[in-house]
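> next come a sequence and a model predicted from it.
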Amino acid sequence: MELDSRRAQAKREQIRQGALAAFLESGVSGTSMDHVAACAGVSKQTLYVYFRSKEDLLVDVLGGIVASLDERAPLLADRTVTDREHLRDVLSEVAWVMVSHLMSDDYLALFRIFIAEMATTPGLLTIWRETVPARFLARVEAVLDRAREAGVIRDVDLDLATRLFIGPMMTFVFLDGLARPGEVLVPNRKRLDQVVELYLRAVT
């Protein structure tokens with residue numbers, strides 16, 4: 001059973017990478033399941049065993065961004081935050097994983113495709129919102145909720161506090177990534193740690 005599970009996970013990852021390549025090559029609207037199967041090196045029958053539709057594939061590809069946070073910081077939302085230093089360490093890791101992944105070449109290219117096609121492709125905006133921003137917000141809010149329960153942060157509005165944390169990170173993604181015509185300027189850990197420290201001054 002464990003071997004079968006590993007094989008299934010490997011096959012899903014193979015298809016996910018094929019789907020990403022297809023989306024980057026042809027856009028979302030221009031990608032067919034046949035194209036995905038060809039890029040992934042699998043039969044169409046095998047493709048449908050794992051994914052029922054192109055929309056399912058898109059959700060899976062985007063979900064990989066959030067999954068990377070879970071892999072790098074497992075059970076993040078379940079960690080007990082006992083003091084300011086611990087919260088700073090957790091938020092620092094969240095900030096780095098989120099920004100570095102969102103500013104990778106493939107994901108920036110995929111986001112540009114999304115921006116170009118959102119107005120003409122029904123449901124694309126909803127898929128994007130529910131798959132990436134909503135999941136990141138939920139994970140950060142869970143951390144802050146535990147910090148508030150432990151008295152590490154003040155009794156703040158969690159939704160606003162979460163947005164206050166995510167917002168500065170997204171300025172790097174948009175201003176230094178998506179909006180730059182040339183080289184992408186990914187901030188280093190020290191720069192993000194400075195943002196986290198400024199944030200903690202506001203909520204602790």
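Alright, I've got the coordinates.
> the biggest helix by length in the chain - what's its average pLDDT?
When the chain is scanned for its longest helix (criterion: DSSP state H), the result is helix 2-26. The pLDDT scores in helix 2-26 average 84.
> can you name the residues in contact with that helix?
Where contact means CB atoms under 8 Å, 6 or more residues apart in numbering, the residues beyond helix 2-26 that reach it are 31, 35-42, 46-47, 50-51, 57-58, 60-61, 64, 106, 109-110, 113. Where you see a C-beta, it was placed from the backbone N, CA and C, and this is true even at glycine.
> now the buried members of those.
Among those, the ones that count as buried by 16 or more other CB atoms under 10 Å are 31, 35-37, 39-40, 42, 47, 50-51, 57-58, 60-61, 64, 110, 113.
> now A19, nearest residue through space, not along the chain?
L57 (4.5 Å; CB to CB, 6 or more residues apart in numbering).
> local confidence estimate at the spatially closest residue to P168 that is not a sequence neighbour?
Spatially, and ignoring its direct neighbours in sequence, P168 is nearest to V195 (5.1 Å; CB to CB, 6+ apart). pLDDT, V195: 97.
> assign a three-state SS to V195, would you?
Applying DSSP: H, G, I helix; E, B strand; the rest coil to V195 yields a three-state assignment of helix.
> separation between it and V186?
Relative to V186, V195 is positioned 14 Å away (CB to CB, to the nearest Å).
> can you pull the phi/psi pair for S32?
The phi and psi values for S32, taken as degrees, to the nearest 10, are phi -110, psi 170.
> okay, stretch 126-134 in CSV with CA atoms only?
What follows is stretch 126-134, C-alpha atoms only, in CSV (Å, rounded to 0.1, in the frame of the first residue of the first chain):
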residue,chain,number,x,y,z
THR,A,126,-12.4,32.3,-8.2
ILE,A,127,-10.0,29.4,-8.6
TRP,A,128,-7.0,31.7,-8.0
ARG,A,129,-8.5,33.4,-5.0
GLU,A,130,-9.7,30.3,-3.2
THR,A,131,-6.5,28.3,-4.0
VAL,A,132,-3.7,30.7,-3.2
PRO,A,133,-4.6,33.9,-1.3
ALA,A,134,-7.3,32.3,0.8
